[in-house]
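Peer 1: sequence and predicted structure below; questions after.
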Amino acid sequence: AFDGVSLKELLIEAIRYGESEEVKLRQKQVIEGALDTEHIQSIIRRNALVEQHMGLDQLYAVKEEMDRAEARKLQPYFIRSFFDEAFKSLKGEMKPREQSRWEIRHVPAEILERDRVISETRTPVTRVYDRICFEKQYIRVENRPMAELIHPGHPLMAAVTNIILEKHRGILKDGAVLIDPSDDSVEPRVVFMLDHSIRESTGDQRTVSQRLQFVGIDKTLHPANAGWAPHIDLRAMKDEERALVKDVLDATWVKQDLETKAIAFASQELASEHFKELKERLERYADKVHQAVHERLTKEISYWEGRYLKFSEDVKAGKQPKMQPENARRRIEELSARLEQRKKEIAAMRSVVSMTPNVVGGALVIPAGLLALRSGDTTFTIDAAARKRIEEISMQAVMDVERALGHEVFDVSAHKCGWDITGRPPRRNDRLPDDRHIEVKGRAKGQTTITITANEIMYALNQRNKFILAIVVVDGEKCDGPYYVKNPFDSAPGFGEESRNYGLSQLLSRAVKPEQTVEK
(Lines give C-alpha, C1' and ligand atoms only; values in the text may rest on other atoms or scores of the structure.)
Protein backbone atom coordinates (compact mmCIF):
# COMPACT_ATOMS: atom_id res chain seq x y z
CA ALA A 1 0.00 0.00 0.00
CA PHE A 2 2.98 2.32 0.48
CA ASP A 3 4.57 3.66 -2.71
CA GLY A 4 8.24 4.69 -2.60
CA VAL A 5 8.68 3.97 1.12
CA SER A 6 8.35 0.79 3.16
CA LEU A 7 6.34 0.40 6.34
CA LYS A 8 9.57 -0.60 8.10
CA GLU A 9 11.18 2.75 7.20
CA LEU A 10 8.12 4.64 8.41
CA LEU A 11 8.20 2.83 11.75
CA ILE A 12 11.93 3.47 12.26
CA GLU A 13 11.47 7.15 11.41
CA ALA A 14 8.54 7.40 13.83
CA ILE A 15 10.60 5.86 16.64
CA ARG A 16 13.64 8.04 16.02
CA TYR A 17 12.04 11.38 15.17
CA GLY A 18 8.42 10.94 16.29
CA GLU A 19 8.42 14.11 18.39
CA SER A 20 9.17 16.33 15.40
CA GLU A 21 6.06 18.12 14.09
CA GLU A 22 7.52 18.05 10.56
CA VAL A 23 7.96 14.27 10.72
CA LYS A 24 4.45 13.83 12.17
CA LEU A 25 2.91 15.85 9.34
CA ARG A 26 4.89 14.00 6.64
CA GLN A 27 4.00 10.57 8.07
CA LYS A 28 0.35 11.52 8.37
CA GLN A 29 0.26 12.50 4.68
CA VAL A 30 1.97 9.26 3.62
CA ILE A 31 -0.33 7.07 5.72
CA GLU A 32 -3.51 8.88 4.67
CA GLY A 33 -2.49 8.48 1.02
CA ALA A 34 -1.78 4.78 1.52
CA LEU A 35 -5.11 4.22 3.24
CA ASP A 36 -7.09 6.07 0.60
CA THR A 37 -10.07 3.91 -0.39
CA GLU A 38 -9.48 4.15 -4.13
CA HIS A 39 -5.77 3.32 -3.67
CA ILE A 40 -6.55 0.20 -1.62
CA GLN A 41 -9.25 -0.89 -4.05
CA SER A 42 -6.79 -0.63 -6.95
CA ILE A 43 -4.38 -2.92 -5.07
CA ILE A 44 -7.17 -5.39 -4.33
CA ARG A 45 -8.22 -5.44 -7.98
CA ARG A 46 -4.61 -6.00 -9.02
CA ASN A 47 -4.11 -8.94 -6.63
CA ALA A 48 -7.65 -10.35 -6.62
CA LEU A 49 -7.87 -14.14 -6.56
CA VAL A 50 -10.92 -14.21 -8.80
CA GLU A 51 -12.00 -11.84 -11.54
CA GLN A 52 -15.76 -11.86 -11.36
CA HIS A 53 -17.87 -9.92 -13.83
CA MET A 54 -21.33 -8.84 -12.71
CA GLY A 55 -24.12 -7.15 -14.57
CA LEU A 56 -25.44 -3.76 -13.51
CA ASP A 57 -28.57 -5.30 -12.01
CA GLN A 58 -26.47 -7.67 -9.90
CA LEU A 59 -24.25 -4.82 -8.73
CA TYR A 60 -27.26 -2.76 -7.67
CA ALA A 61 -28.77 -5.75 -5.85
CA VAL A 62 -25.57 -6.30 -3.85
CA LYS A 63 -25.24 -2.59 -3.15
CA GLU A 64 -28.85 -2.33 -1.99
CA GLU A 65 -28.39 -5.23 0.43
CA MET A 66 -25.21 -3.60 1.77
CA ASP A 67 -27.10 -0.33 2.30
CA ARG A 68 -29.84 -2.12 4.24
CA ALA A 69 -27.28 -3.95 6.34
CA GLU A 70 -25.53 -0.68 7.11
CA ALA A 71 -28.78 0.97 8.16
CA ARG A 72 -29.84 -1.85 10.48
CA LYS A 73 -26.41 -2.52 11.99
CA LEU A 74 -26.17 -2.43 15.77
CA GLN A 75 -23.08 -0.33 16.11
CA PRO A 76 -22.43 2.16 17.42
CA TYR A 77 -25.59 3.83 18.72
CA PHE A 78 -27.68 0.84 19.79
CA ILE A 79 -24.64 -0.72 21.45
CA ARG A 80 -23.72 2.44 23.37
CA SER A 81 -27.29 2.92 24.59
CA PHE A 82 -27.55 -0.66 25.85
CA PHE A 83 -24.09 -0.83 27.42
CA ASP A 84 -24.48 2.47 29.26
CA GLU A 85 -27.72 1.39 30.94
CA ALA A 86 -26.65 -2.22 31.57
CA PHE A 87 -23.25 -1.27 33.04
CA LYS A 88 -24.83 1.25 35.41
CA SER A 89 -27.40 -1.32 36.56
CA LEU A 90 -24.48 -3.58 37.57
CA LYS A 91 -22.97 -0.75 39.68
CA GLY A 92 -20.25 0.10 37.18
CA GLU A 93 -18.76 3.60 37.04
CA MET A 94 -18.40 5.24 33.62
CA LYS A 95 -17.57 8.95 33.21
CA PRO A 96 -17.50 10.99 29.98
CA ARG A 97 -14.13 12.39 28.91
CA GLU A 98 -13.31 13.69 25.42
CA GLN A 99 -15.92 13.76 22.67
CA SER A 100 -17.55 10.32 22.29
CA ARG A 101 -15.05 8.79 24.74
CA TRP A 102 -15.51 7.60 28.32
CA GLU A 103 -13.42 6.44 31.26
CA ILE A 104 -14.34 3.39 33.33
CA ARG A 105 -13.08 3.87 36.87
CA HIS A 106 -14.48 0.71 38.34
CA VAL A 107 -15.52 -2.65 36.87
CA PRO A 108 -17.57 -4.58 39.49
CA ALA A 109 -16.25 -7.91 40.74
CA GLU A 110 -19.38 -9.63 39.38
CA ILE A 111 -18.37 -8.71 35.82
CA LEU A 112 -14.73 -9.75 36.38
CA GLU A 113 -15.81 -13.14 37.71
CA ARG A 114 -18.28 -13.71 34.87
CA ASP A 115 -15.54 -12.96 32.33
CA ARG A 116 -13.32 -15.56 34.03
CA VAL A 117 -16.08 -18.16 33.65
CA ILE A 118 -17.21 -17.48 30.07
CA SER A 119 -14.08 -15.99 28.50
CA GLU A 120 -12.92 -17.64 25.29
CA THR A 121 -10.19 -15.10 24.56
CA ARG A 122 -6.76 -14.38 26.00
CA THR A 123 -7.73 -10.77 26.76
CA PRO A 124 -9.35 -10.59 30.20
CA VAL A 125 -11.61 -7.83 31.48
CA THR A 126 -9.59 -5.34 33.54
CA ARG A 127 -10.63 -3.40 36.65
CA VAL A 128 -10.29 0.01 34.97
CA TYR A 129 -10.22 1.38 31.43
CA ASP A 130 -8.51 4.70 30.74
CA ARG A 131 -10.72 5.24 27.72
CA ILE A 132 -13.49 3.41 25.88
CA CYS A 133 -15.42 4.36 22.78
CA PHE A 134 -18.10 2.92 20.51
CA GLU A 135 -16.98 4.40 17.17
CA LYS A 136 -13.77 3.42 15.40
CA GLN A 137 -12.70 6.96 14.60
CA TYR A 138 -12.36 7.74 18.32
CA ILE A 139 -9.97 4.88 19.16
CA ARG A 140 -6.97 7.13 18.59
CA VAL A 141 -7.04 10.78 19.58
CA GLU A 142 -3.85 12.82 19.49
CA ASN A 143 -2.20 13.37 22.89
CA ARG A 144 -4.81 11.21 24.62
CA PRO A 145 -4.79 7.56 25.82
CA MET A 146 -5.77 4.98 23.22
CA ALA A 147 -9.37 3.83 23.70
CA GLU A 148 -10.85 0.33 23.78
CA LEU A 149 -13.56 -0.13 21.14
CA ILE A 150 -16.61 -1.65 22.86
CA HIS A 151 -18.46 -3.96 20.47
CA PRO A 152 -20.51 -7.20 20.76
CA GLY A 153 -17.35 -9.36 20.72
CA HIS A 154 -15.43 -7.38 23.33
CA PRO A 155 -14.87 -9.36 26.60
CA LEU A 156 -16.36 -6.57 28.75
CA MET A 157 -19.45 -6.36 26.55
CA ALA A 158 -19.81 -10.14 26.49
CA ALA A 159 -19.64 -10.40 30.30
CA VAL A 160 -22.16 -7.58 30.85
CA THR A 161 -24.58 -9.04 28.29
CA ASN A 162 -24.31 -12.52 29.80
CA ILE A 163 -25.19 -11.24 33.29
CA ILE A 164 -28.13 -9.14 32.04
CA LEU A 165 -29.55 -12.07 30.08
CA GLU A 166 -29.17 -14.41 33.06
CA LYS A 167 -31.06 -11.98 35.30
CA HIS A 168 -33.84 -11.10 32.89
CA ARG A 169 -34.17 -13.94 30.37
CA GLY A 170 -37.19 -15.33 32.21
CA ILE A 171 -39.01 -11.99 32.04
CA LEU A 172 -38.16 -11.71 28.35
CA LYS A 173 -39.73 -15.12 27.68
CA ASP A 174 -42.82 -14.30 29.78
CA GLY A 175 -43.48 -11.36 27.49
CA ALA A 176 -44.80 -7.84 27.94
CA VAL A 177 -47.61 -5.52 26.91
CA LEU A 178 -46.24 -2.58 24.92
CA ILE A 179 -47.67 0.44 23.12
CA ASP A 180 -46.83 1.41 19.53
CA PRO A 181 -47.14 5.23 19.58
CA SER A 182 -46.72 5.51 15.78
CA ASP A 183 -49.47 3.04 14.84
CA ASP A 184 -52.81 4.71 14.05
CA SER A 185 -54.64 1.41 13.53
CA VAL A 186 -56.97 -0.28 16.01
CA GLU A 187 -55.77 -3.85 15.53
CA PRO A 188 -53.47 -5.27 18.26
CA ARG A 189 -50.81 -7.84 17.39
CA VAL A 190 -48.40 -10.20 19.08
CA VAL A 191 -44.71 -9.87 18.16
CA PHE A 192 -42.30 -12.76 18.80
CA MET A 193 -38.52 -12.41 18.90
CA LEU A 194 -36.71 -15.52 17.66
CA ASP A 195 -33.07 -16.53 17.62
CA HIS A 196 -31.95 -18.38 14.48
CA SER A 197 -28.49 -19.90 14.16
CA ILE A 198 -26.61 -21.73 11.43
CA ARG A 199 -23.93 -24.22 12.46
CA GLU A 200 -21.25 -26.36 10.91
CA SER A 201 -22.50 -29.87 10.20
CA THR A 202 -19.19 -31.49 11.09
CA GLY A 203 -16.63 -31.26 13.88
CA ASP A 204 -17.63 -29.29 16.96
CA GLN A 205 -20.66 -27.79 15.14
CA ARG A 206 -19.48 -24.25 15.66
CA THR A 207 -22.09 -21.52 15.13
CA VAL A 208 -21.16 -19.60 11.98
CA SER A 209 -24.08 -17.14 11.90
CA GLN A 210 -26.72 -16.01 14.35
CA ARG A 211 -29.58 -13.59 13.75
CA LEU A 212 -32.58 -12.20 15.61
CA GLN A 213 -35.83 -12.41 13.68
CA PHE A 214 -39.26 -10.93 14.46
CA VAL A 215 -42.65 -12.38 13.58
CA GLY A 216 -45.96 -10.54 14.05
CA ILE A 217 -49.36 -12.26 14.38
CA ASP A 218 -52.72 -10.42 14.46
CA LYS A 219 -56.14 -11.71 15.48
CA THR A 220 -56.61 -13.35 12.06
CA LEU A 221 -53.74 -15.63 13.17
CA HIS A 222 -51.81 -14.76 10.01
CA PRO A 223 -48.03 -14.53 10.72
CA ALA A 224 -45.85 -11.97 8.94
CA ASN A 225 -42.34 -10.57 9.04
CA ALA A 226 -42.38 -7.83 11.69
CA GLY A 227 -39.22 -6.10 10.45
CA TRP A 228 -35.65 -5.81 11.72
CA ALA A 229 -36.19 -4.18 15.12
CA PRO A 230 -39.89 -3.41 15.70
CA HIS A 231 -39.47 -3.29 19.49
CA ILE A 232 -37.23 -0.22 19.56
CA ASP A 233 -40.04 2.32 18.98
CA LEU A 234 -42.41 0.70 21.48
CA ARG A 235 -43.02 1.96 25.00
CA ALA A 236 -44.25 0.43 28.24
CA MET A 237 -47.95 0.51 29.08
CA LYS A 238 -49.10 2.82 31.88
CA ASP A 239 -51.37 1.55 34.65
CA GLU A 240 -54.33 3.70 33.58
CA GLU A 241 -54.03 2.41 30.00
CA ARG A 242 -54.24 -1.23 31.02
CA ALA A 243 -57.88 -0.95 32.00
CA LEU A 244 -58.77 0.40 28.54
CA VAL A 245 -57.58 -2.78 26.79
CA LYS A 246 -58.36 -5.41 29.42
CA ASP A 247 -60.55 -7.31 26.95
CA VAL A 248 -57.62 -7.53 24.52
CA LEU A 249 -55.39 -9.00 27.23
CA ASP A 250 -58.01 -11.67 27.89
CA ALA A 251 -58.91 -12.26 24.23
CA THR A 252 -59.15 -15.88 23.10
CA TRP A 253 -56.85 -15.44 20.10
CA VAL A 254 -54.06 -14.08 22.32
CA LYS A 255 -54.13 -17.22 24.46
CA GLN A 256 -53.85 -19.62 21.52
CA ASP A 257 -50.60 -21.40 20.67
CA LEU A 258 -49.21 -18.51 18.67
CA GLU A 259 -45.62 -19.47 19.45
CA THR A 260 -45.88 -22.59 17.27
CA LYS A 261 -47.22 -20.52 14.36
CA ALA A 262 -44.38 -18.03 14.77
CA ILE A 263 -41.75 -20.79 14.74
CA ALA A 264 -43.32 -22.44 11.67
CA PHE A 265 -43.39 -19.15 9.75
CA ALA A 266 -39.85 -18.24 10.77
CA SER A 267 -38.59 -21.69 9.73
CA GLN A 268 -40.20 -21.52 6.30
CA GLU A 269 -39.58 -17.87 5.43
CA LEU A 270 -37.02 -16.07 7.57
CA ALA A 271 -34.67 -18.95 8.40
CA SER A 272 -34.54 -20.19 4.80
CA GLU A 273 -33.67 -16.67 3.61
CA HIS A 274 -30.92 -16.41 6.26
CA PHE A 275 -29.54 -19.84 5.28
CA LYS A 276 -29.55 -19.07 1.55
CA GLU A 277 -27.78 -15.76 2.09
CA LEU A 278 -25.07 -17.34 4.25
CA LYS A 279 -24.67 -20.42 2.04
CA GLU A 280 -23.99 -18.30 -1.03
CA ARG A 281 -21.45 -16.21 0.87
CA LEU A 282 -19.68 -19.31 2.23
CA GLU A 283 -19.53 -20.87 -1.23
CA ARG A 284 -17.85 -17.79 -2.69
CA TYR A 285 -15.43 -17.57 0.23
CA ALA A 286 -14.58 -21.30 0.13
CA ASP A 287 -13.89 -21.13 -3.62
CA LYS A 288 -11.41 -18.29 -3.12
CA VAL A 289 -9.69 -20.01 -0.19
CA HIS A 290 -9.44 -23.30 -2.09
CA GLN A 291 -7.87 -21.61 -5.08
CA ALA A 292 -5.32 -19.72 -2.96
CA VAL A 293 -4.39 -22.73 -0.80
CA HIS A 294 -4.10 -25.10 -3.77
CA GLU A 295 -1.94 -22.64 -5.72
CA ARG A 296 0.44 -21.93 -2.84
CA LEU A 297 0.92 -25.50 -1.58
CA THR A 298 1.15 -26.97 -5.08
CA LYS A 299 3.94 -24.53 -5.96
CA GLU A 300 5.78 -25.39 -2.76
CA ILE A 301 5.42 -29.14 -3.36
CA SER A 302 6.74 -28.70 -6.92
CA TYR A 303 9.68 -26.71 -5.57
CA TRP A 304 10.64 -29.42 -3.06
CA GLU A 305 10.19 -32.16 -5.64
CA GLY A 306 12.74 -30.37 -7.80
CA ARG A 307 15.09 -30.00 -4.84
CA TYR A 308 14.67 -33.70 -4.01
CA LEU A 309 15.71 -34.73 -7.54
CA LYS A 310 18.67 -32.33 -7.43
CA PHE A 311 19.89 -33.62 -4.04
CA SER A 312 19.45 -37.25 -5.17
CA GLU A 313 21.59 -36.61 -8.27
CA ASP A 314 24.27 -34.94 -6.14
CA VAL A 315 24.44 -38.01 -3.87
CA LYS A 316 24.74 -40.35 -6.87
CA ALA A 317 27.53 -38.17 -8.25
CA GLY A 318 29.40 -38.45 -4.95
CA LYS A 319 28.79 -34.83 -3.93
CA GLN A 320 27.72 -33.59 -0.49
CA PRO A 321 24.30 -31.85 -0.94
CA LYS A 322 23.13 -28.98 1.27
CA MET A 323 20.27 -31.22 2.48
CA GLN A 324 19.83 -34.96 2.53
CA PRO A 325 17.31 -36.14 -0.10
CA GLU A 326 15.36 -37.94 2.62
CA ASN A 327 14.69 -34.65 4.42
CA ALA A 328 13.38 -33.10 1.20
CA ARG A 329 11.16 -36.14 0.62
CA ARG A 330 9.72 -35.77 4.15
CA ARG A 331 9.02 -32.12 3.44
CA ILE A 332 7.07 -33.14 0.31
CA GLU A 333 5.03 -35.63 2.33
CA GLU A 334 4.27 -33.01 5.01
CA LEU A 335 3.11 -30.48 2.43
CA SER A 336 1.00 -33.09 0.60
CA ALA A 337 -0.67 -34.08 3.89
CA ARG A 338 -1.20 -30.40 4.66
CA LEU A 339 -2.86 -29.88 1.28
CA GLU A 340 -5.24 -32.80 1.82
CA GLN A 341 -6.10 -31.57 5.32
CA ARG A 342 -6.82 -28.05 4.09
CA LYS A 343 -9.04 -29.43 1.32
CA LYS A 344 -11.07 -31.32 3.97
CA GLU A 345 -11.35 -28.17 6.12
CA ILE A 346 -12.55 -26.12 3.14
CA ALA A 347 -15.09 -28.80 2.23
CA ALA A 348 -16.35 -28.74 5.84
CA MET A 349 -16.62 -24.96 5.60
CA ARG A 350 -19.23 -25.37 2.87
CA SER A 351 -21.26 -27.85 4.93
CA VAL A 352 -23.61 -25.98 7.27
CA VAL A 353 -27.05 -26.75 8.69
CA SER A 354 -29.90 -24.45 9.65
CA MET A 355 -31.19 -24.89 13.19
CA THR A 356 -34.84 -24.49 14.18
CA PRO A 357 -35.60 -20.90 15.28
CA ASN A 358 -36.02 -20.53 19.03
CA VAL A 359 -38.46 -18.07 20.62
CA VAL A 360 -36.61 -15.90 23.15
CA GLY A 361 -39.22 -13.23 23.83
CA GLY A 362 -42.58 -11.81 22.91
CA ALA A 363 -44.94 -8.89 23.42
CA LEU A 364 -48.57 -7.98 22.91
CA VAL A 365 -48.45 -4.70 21.01
CA ILE A 366 -51.33 -2.26 21.44
CA PRO A 367 -51.54 0.42 18.71
CA ALA A 368 -51.93 4.04 19.81
CA GLY A 369 -55.03 4.26 17.64
CA LEU A 370 -56.85 1.66 19.74
CA LEU A 371 -55.97 3.47 22.97
CA ALA A 372 -57.21 6.77 21.55
CA LEU A 373 -60.48 5.15 20.46
CA ARG A 374 -61.04 3.48 23.86
CA SER A 375 -60.27 6.70 25.74
CA GLY A 376 -63.10 8.50 23.96
CA ASP A 377 -61.06 10.55 21.54
CA THR A 378 -63.83 11.28 19.01
CA THR A 379 -61.44 13.07 16.66
CA PHE A 380 -59.20 10.05 16.32
CA THR A 381 -60.77 8.55 13.19
CA ILE A 382 -60.82 11.91 11.43
CA ASP A 383 -57.22 12.64 12.44
CA ALA A 384 -56.01 9.20 11.34
CA ALA A 385 -57.63 9.58 7.93
CA ALA A 386 -56.18 13.07 7.58
CA ARG A 387 -52.70 11.86 8.51
CA LYS A 388 -52.92 9.07 5.93
CA ARG A 389 -53.97 11.53 3.21
CA ILE A 390 -51.11 13.90 4.13
CA GLU A 391 -48.67 11.00 4.06
CA GLU A 392 -49.82 9.92 0.58
CA ILE A 393 -49.56 13.47 -0.81
CA SER A 394 -46.11 13.92 0.73
CA MET A 395 -44.79 10.60 -0.60
CA GLN A 396 -46.03 11.41 -4.10
CA ALA A 397 -44.47 14.88 -3.99
CA VAL A 398 -41.05 13.48 -3.06
CA MET A 399 -41.21 10.72 -5.69
CA ASP A 400 -42.15 13.26 -8.38
CA VAL A 401 -39.18 15.46 -7.45
CA GLU A 402 -36.76 12.50 -7.44
CA ARG A 403 -37.94 11.41 -10.89
CA ALA A 404 -37.57 14.99 -12.14
CA LEU A 405 -33.94 14.85 -10.98
CA GLY A 406 -33.42 11.80 -13.19
CA HIS A 407 -33.38 9.27 -10.36
CA GLU A 408 -34.93 5.82 -10.32
CA VAL A 409 -37.45 5.72 -7.47
CA PHE A 410 -38.46 2.84 -5.16
CA ASP A 411 -41.16 3.02 -2.48
CA VAL A 412 -39.75 0.93 0.39
CA SER A 413 -42.01 2.20 3.18
CA ALA A 414 -43.67 -1.21 3.54
CA HIS A 415 -40.31 -2.96 3.98
CA LYS A 416 -39.57 -1.22 7.30
CA CYS A 417 -35.94 -0.76 6.34
CA GLY A 418 -35.50 2.62 8.05
CA TRP A 419 -36.55 5.02 5.28
CA ASP A 420 -39.51 5.51 2.95
CA ILE A 421 -38.07 6.12 -0.52
CA THR A 422 -34.88 5.02 -2.26
CA GLY A 423 -33.67 7.40 -4.95
CA ARG A 424 -31.10 5.85 -7.30
CA PRO A 425 -29.01 8.34 -9.32
CA PRO A 426 -27.89 7.34 -12.83
CA ARG A 427 -24.48 5.72 -13.27
CA ARG A 428 -21.67 8.21 -13.86
CA ASN A 429 -18.23 7.50 -15.37
CA ASP A 430 -18.36 3.75 -14.67
CA ARG A 431 -19.11 4.43 -10.99
CA LEU A 432 -22.19 3.48 -9.01
CA PRO A 433 -23.26 6.55 -7.01
CA ASP A 434 -24.72 6.07 -3.55
CA ASP A 435 -28.47 5.57 -3.27
CA ARG A 436 -30.44 8.32 -1.53
CA HIS A 437 -32.42 7.08 1.49
CA ILE A 438 -35.27 9.50 2.04
CA GLU A 439 -37.47 9.61 5.13
CA VAL A 440 -40.66 11.55 4.30
CA LYS A 441 -42.41 13.68 6.92
CA GLY A 442 -45.61 15.39 5.85
CA ARG A 443 -47.27 18.05 8.01
CA ALA A 444 -50.50 19.95 7.66
CA LYS A 445 -50.11 23.70 7.27
CA GLY A 446 -50.09 25.36 10.68
CA GLN A 447 -48.40 22.50 12.55
CA THR A 448 -45.17 23.49 14.29
CA THR A 449 -43.44 20.22 15.29
CA ILE A 450 -42.23 17.00 13.71
CA THR A 451 -41.96 13.79 15.75
CA ILE A 452 -39.07 11.48 14.90
CA THR A 453 -38.95 8.03 16.49
CA ALA A 454 -35.81 6.73 18.18
CA ASN A 455 -35.48 4.04 15.52
CA GLU A 456 -35.59 6.59 12.69
CA ILE A 457 -32.86 8.66 14.38
CA MET A 458 -30.68 5.56 14.83
CA TYR A 459 -31.08 4.60 11.17
CA ALA A 460 -30.24 8.15 10.06
CA LEU A 461 -27.07 8.28 12.16
CA ASN A 462 -25.92 4.89 10.87
CA GLN A 463 -26.37 5.96 7.25
CA ARG A 464 -24.73 9.36 7.61
CA ASN A 465 -24.58 11.13 4.23
CA LYS A 466 -26.97 8.76 2.44
CA PHE A 467 -29.92 9.78 4.62
CA ILE A 468 -32.19 12.70 3.73
CA LEU A 469 -35.14 14.00 5.75
CA ALA A 470 -37.76 15.30 3.33
CA ILE A 471 -40.34 17.72 4.77
CA VAL A 472 -43.58 18.47 2.93
CA VAL A 473 -46.13 21.01 4.17
CA VAL A 474 -49.62 20.09 2.94
CA ASP A 475 -52.43 22.62 2.51
CA GLY A 476 -55.58 20.90 1.27
CA GLU A 477 -54.68 19.24 -2.03
CA LYS A 478 -51.65 21.46 -2.52
CA CYS A 479 -48.24 21.08 -0.94
CA ASP A 480 -45.22 23.22 -0.23
CA GLY A 481 -41.92 21.46 -0.74
CA PRO A 482 -40.38 19.01 -0.42
CA TYR A 483 -37.54 20.51 1.59
CA TYR A 484 -34.47 18.31 2.05
CA VAL A 485 -32.40 18.22 5.25
CA LYS A 486 -29.11 16.28 5.20
CA ASN A 487 -27.56 15.07 8.48
CA PRO A 488 -30.59 16.29 10.45
CA PHE A 489 -29.66 14.69 13.79
CA ASP A 490 -26.61 15.42 15.94
CA SER A 491 -26.91 12.85 18.71
CA ALA A 492 -28.44 9.45 19.41
CA PRO A 493 -31.50 9.09 21.67
CA GLY A 494 -30.92 7.89 25.20
CA PHE A 495 -31.92 4.49 26.57
CA GLY A 496 -35.72 4.30 26.85
CA GLU A 497 -36.23 7.47 24.77
CA GLU A 498 -39.09 6.69 22.39
CA SER A 499 -39.05 9.75 20.15
CA ARG A 500 -38.04 13.38 19.85
CA ASN A 501 -39.99 16.45 18.82
CA TYR A 502 -38.24 18.91 16.51
CA GLY A 503 -39.42 22.40 15.69
CA LEU A 504 -40.61 22.58 12.08
CA SER A 505 -39.18 26.08 11.59
CA GLN A 506 -35.81 24.94 12.98
CA LEU A 507 -35.56 22.05 10.52
CA LEU A 508 -36.73 24.19 7.59
CA SER A 509 -33.99 26.72 8.36
CA ARG A 510 -31.44 23.98 7.61
CA ALA A 511 -33.25 22.69 4.52
CA VAL A 512 -32.07 23.05 0.93
CA LYS A 513 -33.69 22.56 -2.44
CA PRO A 514 -33.66 18.94 -3.70
CA GLU A 515 -31.40 19.75 -6.64
CA GLN A 516 -28.75 21.06 -4.23
CA THR A 517 -28.38 17.56 -2.74
CA VAL A 518 -27.49 15.93 -6.07
CA GLU A 519 -23.90 14.69 -6.29
CA LYS A 520 -21.97 16.47 -9.03
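Peer 2: Right, received. Where do you want to start?

Peer 1: adjacent strands (with direction) for the helix or strand hosting Val440?
Peer 2: Assigned by DSSP states H and E, Val440 belongs to strand 436-444. The pairing partners recorded for strand 436-444 under DSSP bridges are strand 421-424 (antiparallel), strand 467-475 (parallel).

Peer 1: dump the residue contacts of Val412.
Peer 2: 419-422 (CB atoms under 8 Å, 6 or more residues apart in numbering). Heads up, the C-betas are built off the backbone N, CA and C, glycines and all.

Peer 1: and the pLDDT at it?
Peer 2: For Val412, the pLDDT comes out at 83.

Peer 1: Ile390 belongs to a strand?
Peer 2: No. Assignment of Ile390 by DSSP: H, G, I helix; E, B strand; the rest coil gives helix, placing it outside any strand.

Peer 1: the nearest residue to it once chain neighbours are set aside: how many residues sit nearby?
Peer 2: For Ile390, ignoring the flanking residues on the chain, the nearest one in space by CB to CB, 6 or more residues apart in numbering is Gly442 at 4.3 Å. Neighbour count for Gly442, taken as other CB atoms under 10 Å: 25.

Peer 1: between the two ends of stretch 126-139, how far is it?
Peer 2: 18 Å (CA to CA, to the nearest Å).

Peer 1: tell me the contacts of the residue nearest to Ile390?
Peer 2: 390-391, 393-395, 471-474, 479.

Peer 1: which residues does it bridge with?
Peer 2: Val472.

Peer 1: got the contact list for the helix or strand containing Ala86?
Peer 2: Secondary structure assignment for Ala86, by DSSP H and E: helix 77-89. Applying CB under 8 Å, 6+ apart, the contact partners of helix 77-89 are 94, 104, 134, 150-152, 157, 160-161, 164, 232, 458, 461-462, 492-496.

Peer 1: which members of those are positioned in strands?
Peer 2: Of the contacts of helix 77-89, the ones assigned to strands by DSSP state E are 94, 104.

Peer 1: circling back: mind putting the contacts of Val412 into JSON lines with pLDDT, distance to Ala404 and neighbour count?
Peer 2: Below are these laid out as JSON lines (pLDDT from 0 to 100; distance: CB to CB, whole Å; neighbours: other CB atoms under 10 Å):
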{"residue": "Trp419", "pLDDT": "82", "distance to Ala404": "20", "neighbour count": "28"}
{"residue": "Asp420", "pLDDT": "87", "distance to Ala404": "18", "neighbour count": "23"}
{"residue": "Ile421", "pLDDT": "90", "distance to Ala404": "14", "neighbour count": "21"}
{"residue": "Thr422", "pLDDT": "89", "distance to Ala404": "16", "neighbour count": "22"}
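
Peer 1: tell me the one of these nearest His168?
Peer 2: Distance to His168, by CB to CB, is smallest for Trp419 among the contacts of Val412, at 31.8 Å.

Peer 1: could you list everything the nearest residue to that closest one once chain neighbours are set aside pairs with in the sheet?
Peer 2: Spatial nearest neighbour of Trp419, chain neighbours left out: His437 (4.1 Å); criterion: CB to CB, 6+ apart. For His437, the beta-bridge partners under DSSP bridges are Thr422, Phe467.

Peer 1: thinking again about what came up before, tell me the one among the contacts of Val412 nearest to Leu339.
Peer 2: Thr422 (46.6 Å).

Peer 1: show me the strands in the stretch 351-500 of the chain, by range?
Peer 2: 352-354, 358-367, 408-411, 421-424, 436-444, 449-453, 467-475, 478-486, 499-503 (DSSP state E, counting those that start in this stretch).

Peer 1: tabulate those (JSON lines), appending distance to Glu283.
Peer 2: Converted to JSON lines, these look like this (distance: least, CB to CB, whole Å):
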{"stretch": "strand 352-354", "distance to Glu283": "10"}
{"stretch": "strand 358-367", "distance to Glu283": "26"}
{"stretch": "strand 408-411", "distance to Glu283": "28"}
{"stretch": "strand 421-424", "distance to Glu283": "28"}
{"stretch": "strand 436-444", "distance to Glu283": "30"}
{"stretch": "strand 449-453", "distance to Glu283": "38"}
{"stretch": "strand 467-475", "distance to Glu283": "33"}
{"stretch": "strand 478-486", "distance to Glu283": "39"}
{"stretch": "strand 499-503", "distance to Glu283": "43"}
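
Peer 1: can you give me the helices for the stretch 101-250 of the chain?
Peer 2: Per DSSP state H, counting those that start in this stretch, the stretch 101-250 of the chain carries helices over the ranges 109-118, 155-174, 239-242, 246-249.

Peer 1: on that earlier part again, what's the PyMOL line that selects buried ones from the contacts of helix 77-89?
Peer 2: Command for PyMOL that selects the buried part of these, burial taken from 16 or more other CB atoms under 10 Å:
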select buried, resi 94+104+134+150+151+157+160+161+164+232+458+461+462+492+493
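
Peer 1: ok, Phe311 touching Pro325?
Peer 2: Yes. The pair formed by Phe311 and Pro325 meets the contact definition of CB atoms under 8 Å, at 4.3 Å.

Peer 1: average pLDDT for the longest helix anywhere in the chain?
Peer 2: Longest helix in the chain, counting residues (DSSP state H): helix 271-316. For helix 271-316, the mean per-residue pLDDT is 90.

Peer 1: chain center to the next helix-or-strand element following it: distance?
Peer 2: Sequence-wise, the next helix or strand downstream of helix 271-316 (DSSP H and E) is helix 325-350. Relative to its chain's centre, helix 325-350 lies at 38 Å (CA atoms, centre = their mean, to the nearest Å).

Peer 1: same question for stretch 235-248.
Peer 2: For stretch 235-248, the distance to the chain centre is 34 Å (CA atoms, centre = their mean).

Peer 1: contacting residues for His193?
Peer 2: Actually, residue 193 is Met rather than His. 172, 212-214, 231, 359-362.

Peer 1: now the residues you listed: which count as buried?
Peer 2: 213-214, 231, 359, 361-362.

Peer 1: which of the residues you listed lies closest to Leu335?
Peer 2: Gln213 (44.6 Å).

Peer 1: return the residues in contact with the closest one.
Peer 2: 193-196, 266, 270-271, 274, 357.

Peer 1: what's across from it in the sheet?
Peer 2: If you apply DSSP bridges, the partners that Gln213 bridges to are Leu194.

Peer 1: for Lys310, see how far away it is.
Peer 2: 61 Å (CB to CB, to the nearest Å).

Peer 1: now do Leu405
Peer 2: In terms of CB to CB, Leu405 sits 69 Å off from Lys310.

Peer 1: just Asn225 next, same as before
Peer 2: Relative to Lys310, and taking CB to CB, Asn225 is found at 65 Å.

Peer 1: which of the two has more neighbours?
Peer 2: Asn225 (17 against 14).

Peer 1: if we can go back for a sec, return the set of buried residues in the helix holding Ala86.
Peer 2: For helix 77-89, by 16+ other CB under 10 Å, it's 77-84, 86-87.
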